[in-house]
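**Student:** sequence first, then the predicted structure, then my questions.
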Amino acid sequence: MKAIHKVDDIVRLGMHSLWVHAMRSALTALGIIIAVCSVIVMMAINEGTGKEAQRALRALGSDNIIIDSVKPPNTGDASSSSHTALNYGLTNIDVARMRGCIPGIIRCSVTHRTQQYAHLGTVNLPVSLIATEPVFEQIARVKLTTGRFISHSDVLRRKPHCVITQELARKLFIFHDPLNKTIRIGNEPFVVVGVLREMPLALGGQGDSAGNVVIVPYEVDIRRFGEYTITQSTGSRSFERVEVSQFILQMADEQAVLDGADIARALLIREHEQQDYRVTVPRELIEQKKRQQRLWNIMFLSIASISLVVGGIGIMNIMLASVTERTREIGIRRALGAKRRDIVVQFLVEAVTLTTAGGILGIGIGVLLPQLLEHINSEIKTEVVPALLLLPLSMAVGVGLIAGLYPAFRAARLDPITALRHE
Amino acid sequence: MSDIVRLEELWKIYRLATTTVPALRSVSLTIRQGEYITIMGKSGSGKSTMLNILGCLDRPTHGKYFIGGQDVSALTDNELSDVRNNKIGFVFQSFNLVQQLTILENIEVPLFYQGMPRSSRRERSRHMAELVGLGDRASHRPRELSGGQQQRVAIARALANDPLIILADEPTGNLDSSTTQDILDLFDELHAGGKTIIIVTHEKDVAAHTERIIVLADGLVKSDARNESAGTRL
Ligand SMILES: Nc1ncnc2c1ncn2[C@@H]1O[C@H](COP(=O)(O)OP(=O)(O)OP(=O)(O)O)[C@@H](O)[C@H]1O
Ligand SMILES: [Mg+2]
């Protein structure tokens, strides 16, 4: 009971003497305010951009493993002079092996991509021809504006059906309904059965003709165009042969994703002499992103702790000055019955009150500032995580404790008689 | 009446770098409940030293000191703080009020360290302020009061925790003769109310108010006598 009264009163006492020197207290706390506020703002931006990146990765399908064929870097110009075909990337054997060895596959799809030209009337446009399987719709979360995706019956009956992107539809058909119209890819006629709302992210950003995509059944494509991609460069032609451009596996659960990715990598590294493939695991990337974010947060907190230490030195300085200034008061309090402990607590509470007030003010500003930033520049994404507010605050409190400790003990060590005589 | 203070062969020796200064040399005396005493003596004779020891601000080098039957010569710092808090009331020559605090808050300081709840503290300190005739100045700061008024606040503060003894080191040293008279009247009143009061002073006028005069010289009790004239003054 007695102790509780004392704590309450001593906090009041601390606030009281801070209030007496309001200006000095405010200036001293400024360092703490800025340190706390800046770390919160930095963490909010980090969190905001991180969340944004995670959202994008999640759109790739967090239960997918995406394996792309990539042209190995060291085979650039050598093949352009010769007429031999450049072979690289995933093969059907790779695909068969992975299908056989990796447990927990729900669905998987093979994609073959070539560059072709699409014609309609007089319009002639370069397009990415993507040959794939009907399951691609589920795996890549394809969204359609009209019509349907290529179906199993298209595959079985070898129907020359295709699905095109909205952008391509606009370019080819302008205002007309593209459904059931025939377009020509190369010299082959294809009937449009559906229009994609947007490029599936799994295919995103890879084609030369980014938005112009035609999706056809895999078997139809192989039968009609063969497996070669002919790249025309200035003066010469190069032939590239890529059996499988992309292989996507949709897995049963998180563990299956991680294990599957390991198995796929192990299989591929054994069969491929060069790095002509890329394994993308959105789940791993999300984890990596999170780790990265955490790392940044740790860095921000370390920067903040440096500024807090600087702020703490300021506070210690002020507290030492305060102890000297109030030597007489300390003597009086001791003569009237204050124990050493009471004096320690009084000065500690004063220091901690100062930094805590600074910390709370810093949090207040730190919470408002990100909103202001978002308001000014809509590209800035921020997110204030409540749990991350407590850390800088407790650091500020800790700094107050540490910075107040030495001055407080110095105050308590004063001899009451000497302190009473102090001018 | 019972002994509330007993000093037995009390020594206080200050050890300096080159010499040692014996400020008190084997002082023995007893003080009874309700006594009104002055301690006199030349400058440097050990008056303040003795008062500081009596007030448990300082420890004797040798000897025993009993207060209210309790041996306080070997107490820890914390225990001495408690003794000061509960049994001693100090009045200083330079008032020693905390400038940042109001009159009421100053009077509350000893109660604060007793752990008295705020509301009772406020009530008690207001009562004490009224007792010394400063009820209307309760929320003023010490700076805004005259020397005599400040000393009355200090006396109110010394009385707040209802101590066994009031110790005053030259309480009128900084006051002019008419305010000195006011303060002495206050002490007289307290004495009449049964308080034990010890005043250190140089002034004969002050000593004349008290019933017993102890004279120190070079750390020794030179004389310790009843003051027969005191009664007539009351
Ligand atoms: N802290 C100290 N260190 C060393 N010597 C001290 C100390 N305090 C007091 N003394 C010495 O002890 C002796 C007694 O001092 P004290 O202050 O008790 O005298 P006093 O009677 O109160 O004198 P005054 O009338 O001037 O106040 C003096 O010789 C003084 O120099
Ligand atoms: Mg003295």
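**Tutor:** Perfect, thanks for sending it. Ligands and ions are numbered 1, 2, ... in the order given.

**Student:** where do the strands of the stretch 201-350 of chain A begin and end?
**Tutor:** Listed from the start of the chain, the stretch 201-350 of chain A has strands (DSSP state E, counting those that start in this stretch) covering A:213-217, A:228-233, A:236-241, A:246-251, A:277-280.

**Student:** so A:Glu350 sits right up against A:Ser322, yeah?
**Tutor:** Yes. Under the contact definition of C-beta atoms under 8 Å, A:Glu350 touches A:Ser322, with a separation of 7.4 Å. (Glycine included, C-beta is placed from N, CA and C.)

**Student:** ok, those two, which is more surrounded?
**Tutor:** Between A:Glu350 and A:Ser322, counting by other C-beta atoms under 10 Å in any protein chain shown, A:Glu350 is the more crowded of the two (27 against 21).

**Student:** please give the element, helix or strand, for the closest residue to the more buried one other than its chain neighbours.
**Tutor:** Computed as C-beta to C-beta, 6 or more residues apart in numbering or on different chains, the closest residue to A:Glu350 that is not its neighbour in sequence is A:Gly14, at 4.1 Å. Secondary structure here is read from DSSP states H and E; on that basis A:Gly14 sits in helix A:2-20.

**Student:** give the buried residues for the very next helix or strand once past that helix.
**Tutor:** Scanning the chain past helix A:2-20 towards its C-terminal end, the next helix or strand to appear is helix A:22-59 (assignment: DSSP H and E). Within helix A:22-59, the residues that qualify as buried are A:25, A:28-29, A:31-51, A:53-54, A:57, counting by 16 or more other C-beta atoms under 10 Å in any protein chain shown.

**Student:** do stretch B:14-32 as well
**Tutor:** B:22-25, B:27, B:29, B:31.

**Student:** can you list the weak-confidence ranges in chain A?
**Tutor:** Confidence mapping of chain A against pLDDT under 70 gives the ranges A:1-6, A:74-85, A:201-210, A:226-238.

**Student:** in it, what residue lies closest to ligand 1?
**Tutor:** A:Ile417 (7.0 Å; C-beta to the nearest ligand atom).

**Student:** for the helix or strand containing that residue, packing partners?
**Tutor:** Mapping A:Ile417 onto the secondary structure by DSSP H and E places it in helix A:416-421. Applying 3 or more C-beta pairs under 8 Å, 6 or more residues apart in numbering or on different chains; DSSP states H and E, one finds that helix A:416-421 makes contact with helix A:327-335.

**Student:** one more time with 10 Å, if that's ok
**Tutor:** In terms of contacts (3 or more C-beta pairs under 10 Å, 6 or more residues apart in numbering or on different chains; DSSP states H and E), helix A:416-421 is packed against helix A:327-335, helix B:47-54, helix B:77-87.

**Student:** got the angle between the longest one and helix A:327-335?
**Tutor:** Here helix B:77-87 points in a direction 80 degrees away from that of helix A:327-335 (axes from the mean of the first three to the mean of the last three C-alpha atoms, to 10 degrees).

**Student:** may I see the buried residues of helix B:77-87?
**Tutor:** Within helix B:77-87, the residues that qualify as buried are B:80-87, counting by 16+ other C-beta under 10 Å.

**Student:** is chain A within reach of that helix?
**Tutor:** Yes. Using C-beta under 10 Å from any C-beta of the partner chain, a contact is recorded between helix B:77-87 and chain A, made by B:77-87.

**Student:** now render these as a markdown table, adding distance to ligand 1.
**Tutor:** Written out in a markdown table, the entries for the residues of helix B:77-87 next to chain A read as follows (distance: C-beta to the nearest ligand atom, whole Å):
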| residue | distance to ligand 1 |
| --- | --- |
| B:Asp77 | 17 |
| B:Asn78 | 22 |
| B:Glu79 | 22 |
| B:Leu80 | 17 |
| B:Ser81 | 20 |
| B:Asp82 | 24 |
| B:Val83 | 20 |
| B:Arg84 | 18 |
| B:Asn85 | 23 |
| B:Asn86 | 25 |
| B:Lys87 | 21 |
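
**Student:** make JSON lines from those residues and add distance to A:Leu354 to it.
**Tutor:** Written out in JSON lines, the entries for those read as follows (distance: C-beta to C-beta, whole Å):
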{"residue": "B:Asp77", "distance to A:Leu354": "28"}
{"residue": "B:Asn78", "distance to A:Leu354": "27"}
{"residue": "B:Glu79", "distance to A:Leu354": "32"}
{"residue": "B:Leu80", "distance to A:Leu354": "31"}
{"residue": "B:Ser81", "distance to A:Leu354": "26"}
{"residue": "B:Asp82", "distance to A:Leu354": "30"}
{"residue": "B:Val83", "distance to A:Leu354": "34"}
{"residue": "B:Arg84", "distance to A:Leu354": "30"}
{"residue": "B:Asn85", "distance to A:Leu354": "28"}
{"residue": "B:Asn86", "distance to A:Leu354": "33"}
{"residue": "B:Lys87", "distance to A:Leu354": "36"}
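
**Student:** buried set for stretch B:182-201?
**Tutor:** For stretch B:182-201, a neighbour-count test (16+ other C-beta under 10 Å) marks B:182-184, B:186-188, B:190-191, B:195-201 as buried.

**Student:** can you tell me which of the residues you listed are in helices?
**Tutor:** When the buried residues of stretch B:182-201 are checked against helices (DSSP state H), the matches are B:182-184, B:186-188, B:190-191.

**Student:** rewinding a little: can you check what angle separates the helix holding A:Gly14 from helix A:22-59?
**Tutor:** Using the same axes, to 10 degrees, helix A:2-20 lies at 100 degrees relative to helix A:22-59.

**Student:** ok, back up a step: contacts for the helix holding A:Ile417?
**Tutor:** Contact partners of helix A:416-421, identified using C-beta atoms under 10 Å, 6 or more residues apart in numbering or on different chains, comprise A:326-336, A:338, A:340, A:343, A:411, A:414-415, B:48-49, B:52, B:55-58, B:77, B:80-81, B:84, B:90, B:92, B:94, B:96, B:169.

**Student:** at 8 Å instead, please
**Tutor:** Residues lying outside helix A:416-421 but in contact with it, judged by C-beta atoms under 8 Å, 6 or more residues apart in numbering or on different chains, are A:327-328, A:330-332, A:334-335, B:52, B:57-58, B:92, B:96.

**Student:** output the contacting helices and strands for whichever strand or helix holds B:Ile213.
**Tutor:** Using DSSP H and E, B:Ile213 sits in strand B:212-217. For strand B:212-217, the helices and strands in contact under the criterion 3+ C-beta pairs under 8 Å, 6+ apart are strand B:36-41, strand B:220-226.

**Student:** buried ones in the longest one?
**Tutor:** Within strand B:220-226, the residues that count as buried by 16+ other C-beta under 10 Å are B:Val221.

**Student:** parallel or antiparallel, list what pairs with it.
**Tutor:** Sheet pairing of strand B:220-226 (DSSP bridges) gives strand B:212-217 (antiparallel).

**Student:** how far away from the center of its chain is the partner strand?
**Tutor:** 16 Å (C-alpha atoms, centre = their mean, to the nearest Å).
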